[in-house]
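Asker: my questions concern the predicted model and sequence given below.
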Amino acid sequence: MTVHFIGAGPGAPDLITVRGLRLIERCPVCLYASSLVPEEVVKAAPEGARVLDTAPMTLDEIVAEIAAAHERGEDVARVHSGDPSLYGAIAEQMRRLDALAIPYEITPGVPAFAAAAAALKTELTVPELCQTVILTRTAMKSSKMPEGEELATLGKSGATLAIHLSVRNIGHIQRELTPLPAYGPDCPAIVAYRVGWPDEAFIKGTLSDIHQKIRAAKLTRTALIFVGRALGATDFIDSRLYDASHVHVLRPKRKAAAS
């Protein structure tokens, strides 16, 4: 048997990959967190499948279910939201499976930051303005941030920041980034709430007023915060990718027309 860690995407059932869906359709055991993965996704599990909501379960209980499936020789679809490589808590599960000699594979999914950028019709990297995106979070009730990964440090880059799991920490984000030269009080900030779900919403503002707007909207969870000068930028140069003067192996220099 094999445990399949599957990225289900940010919320919309049709954003799961074809591979991920096909795996769910054939696995007799399916584990998912109902608070993060739409029920429509796991409804694709085969008739009679053991489908369990892991939201109220502990890591030990989840691993016990997988171990029992291993004893029965049944494949497991372990479905995670977004892409499991980012804040998916799969490392601790894989460590347990390695210790038990239970095989597993990972199927990637659409990450929330990419789905949010698509919904916003925004490119997060803009020529000569910002060419770097940093995916990060802030420390709250979860594990602390490693030294050197504080917002005040990361913010020195001027990158587009995609800050996860931190909407209740917006005051801290505001205080850390506003004094930095690359950002400042007028820097665009966008909060993406429940991207891909029916109640998806976006709150747009700046570092100076985004805190107030979030409080007014009463958002406390399931939100992603973007901060950066690339957001909604319009005054920038065209990239050289399609520039007529840019010659490369697939677009060689054209010969001048004969007079």
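Answerer: In hand now; what should we look at? Numbering: from 1, shown residues only.
Asker: check which helix or strand the nearest residue to residue 162 once chain neighbours are set aside maps to.
Answerer: Once flanking residues are discounted, residue 162 sits nearest to residue 113: 4.2 Å by CB to CB, 6 or more residues apart in numbering. C-beta coordinates here come from the backbone N, C-alpha and C atoms, glycine included. Here residue 113, judged by DSSP states H and E, is contained in helix 112-120.
Asker: can you show me the CA trace of that helix as PDB?
Answerer: Only the C-alpha atoms of helix 112-120 are listed here, as PDB (Å, rounded to 0.1, in the frame of the first residue of the first chain):
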ATOM      1  CA  ALA A 112      -3.300  29.700  -1.700                       C
ATOM      2  CA  PHE A 113      -1.000  32.500  -2.600                       C
ATOM      3  CA  ALA A 114      -1.100  31.500  -6.300                       C
ATOM      4  CA  ALA A 115      -4.900  31.100  -6.400                       C
ATOM      5  CA  ALA A 116      -5.200  34.500  -4.600                       C
ATOM      6  CA  ALA A 117      -3.000  36.200  -7.100                       C
ATOM      7  CA  ALA A 118      -5.000  34.700 -10.000                       C
ATOM      8  CA  ALA A 119      -8.300  35.900  -8.500                       C
ATOM      9  CA  LEU A 120      -6.800  39.400  -8.000                       C
END
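Asker: average pLDDT for it?
Answerer: The average pLDDT for helix 112-120 rounds to 96.
Asker: can we start the residue count at 27 from this point?
Answerer: Got it, first residue is 27 now, which makes that one helix 138-146.
Asker: hmm, who's touching that helix?
Answerer: Applying CB atoms under 8 Å, 6 or more residues apart in numbering, the contact partners of helix 138-146 are 35-38, 41, 107-108, 149-150, 159, 161, 188, 190, 216, 218, 221-222, 226, 228, 250, 252.
Asker: which residues in this structure form helices?
Answerer: 44-52, 65-68, 85-98, 116-126, 138-146, 177-180, 196-203, 236-243 (DSSP state H).
Asker: buried stuff in the first one?
Answerer: When you say that, I think you mean helix 44-52. By neighbour count on 16 or more other CB atoms under 10 Å, the buried set for helix 44-52 is 46-47, 49-50.
Asker: do the second one as well
Answerer: Residues of helix 65-68 classed as buried: 67-68 (neighbour count, 16+ other CB under 10 Å).
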